[in-house]
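**Student:** Okay, sequence plus prediction incoming.
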Amino acid sequence: MNNDDHHTLEFTLDPKSGVPFYKQIILQIEMAIADGRLVCGDQLPTVRGLAVDLQINPNTVARAYSELEIRGIITSQQGSGSFISDKKIELSEIEREKILAELTRTFITKAASYGFSLEEILHYLQDFAKVVSEEEGEGV
């Protein structure tokens, strides 16, 4: 574990996506590795802890971790936890685009269910992007 550079990942699950929860967990971990938010040696939340946080059955988290371990993406150490391995994860542009399309579809559908028009959503996103860009320019 990188004690001097602790990485955390905020997990979210979308029950309306049609994607099983364990696959959503796997995908979020893979994305975090691919974009550098998680690096070799980072510790994942415990099965029980993540299950409580996400309000899901611990077996769902255990299934996700088990698949990641089989694929060599994480290693589990009895009594210590699960850690990101040194296996490189690179998502293709097609995979990244597919993920972004799903996230966008989910976001717009949810915003529309609260009565926001597409124009309002786009206007907000442009304003938000401007604020983020300014903050990044300030080194925040």
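**Tutor:** Okay, I see it.
**Student:** going forward, measure contacts between C-alpha atoms and count neighbours the same way
**Tutor:** Fine.
**Student:** which residues touch the helix or strand of the chain with the lowest mean pLDDT?
**Tutor:** Taking mean pLDDT, DSSP states H and E as the measure, the helix or strand of the chain with the lowest value is helix 93-113, at a mean of 87. Here helix 93-113 makes contact (Cα atoms under 8 Å, 6 or more residues apart in numbering) with Ser17, Leu118, Ile121.
**Student:** Tell me how far the spatially closest residue to the first one that is not a sequence neighbour lies from Gln77.
**Tutor:** Using Cα to Cα, 6 or more residues apart in numbering and skipping residues adjacent in sequence, the residue nearest Ser17 is Thr106, 7.2 Å away. Noted for Thr106: a distance of 36 Å to Gln77, by Cα to Cα, to the nearest Å.
**Student:** neighbour-wise, which of those two wins?
**Tutor:** Thr106 (15 against 9; other Cα atoms under 10 Å).
**Student:** Tell me how far the more buried one lies from Val61.
**Tutor:** Thr106 sits 22 Å away from Val61, taking Cα to Cα as the criterion.
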